[in-house]
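*Asks:* Sequence below, structure please.
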Amino acid sequence: MFEPTGELLDRGLIDWPRAQAIVTRLLDLPAEVAMAAQWEVLPKAPGRTLRQLNDDLDKAVIAVDPDSADDRHKTARQKRCVYHPRPLPDGMALLSARLPAADAIAMDLALDASARAAKNTGDPRTLDQLRADSLALMGHTALTLGFIGPQAHLHCPCGCQD
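*Replies:* From the prediction side, this is the model:
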């Protein structure tokens with residue numbers, strides 16, 4: 001099914017990461033959809049960056065099979081997860097998540113708003129540091145309180161709620 005991609009790779013018109021991106025993105029799709037999307041992106045693939053090619057692939061899949069977009073989203077949503085921290089040097093770790101776009105955007109906006117609010121009050125940390133510290137604070141707060149999210153049956157300790 002991916003012979004056309006293999007031919008471009010063999011001829012040196014695309015490199016291994018681009019060939020891999022095409023196959024990985026299209027592998028789980030019905031054969032006719034994968035073939036049509038492949039033919040859609042291959043003419044431009046040699047001159048595209050990897051990011052551009054991935055964008056082209058996403059657009060091509062929707063263009064050739066718009067009726068299955070909701071089903072593809074439902075299937076992809078089943079794969080949502082937060083990956084366990086990956087150790088990095090110097091006592092650091094990388095934490096990443098696969099989320100529905102709306103949830104990822106909501107998290108990004110919340111972290112950004114928290115960071116900007118702190119920055120506007122004169123906090124000397126960078127926005128990236130503030131965003132990271134805000135995310136860490138969410139985890140520490142949940143561990144301290146013993147829950148995540150609102151607890152309607154609990155009264156706020158500061159007395160702001162009746």
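*Asks:* switch to C-alpha atoms for all contacts and neighbour counts from now on
*Replies:* Fine.
*Asks:* And for the residue lying closest to residue 42 once chain neighbours are set aside, the neighbour number?
*Replies:* Nearest residue to residue 42, sequence neighbours excluded (Cα to Cα, 6 or more residues apart in numbering): residue 5, at 7.2 Å. Other residues near residue 5 come to 21 when the count uses other Cα atoms under 10 Å.
*Asks:* One more: the one 4 residues further on?
*Replies:* Neighbours of residue 9 under the rule other Cα under 10 Å: 18.
*Asks:* pretty sure it contacts residue 22?
*Replies:* No. Taking contacts as Cα atoms under 8 Å, residue 9 lies outside contact range of residue 22: 11.2 Å.
*Asks:* now the helices: where do they sit in this protein?
*Replies:* In the chain, the segments counted as helices under DSSP state H are 3-10, 16-26, 31-41, 50-64, 69-77, 101-120, 127-145.
*Asks:* Among the ones you listed, which comes closest to residue 85?
*Replies:* Ranking the helices of the chain by proximity to residue 85 (Cα to Cα) places helix 127-145 first, at 12.6 Å.
*Asks:* just to revisit the earlier point, among the helices of the chain, which comes closest to residue 88?
*Replies:* Using Cα to Cα as the criterion, the shortest distance between residue 88 and these is 15.3 Å, found for helix 127-145.
*Asks:* Show me what that closest one is packed against.
*Replies:* Judged by 3 or more Cα pairs under 8 Å, 6 or more residues apart in numbering; DSSP states H and E, the packing partners of helix 127-145 are helix 101-120.
*Asks:* Let me see the residues that make contact with the helix it packs on.
*Replies:* With Cα atoms under 8 Å, 6 or more residues apart in numbering as the contact definition, helix 101-120 has outside contacts at 125-128, 130-132, 134-135.
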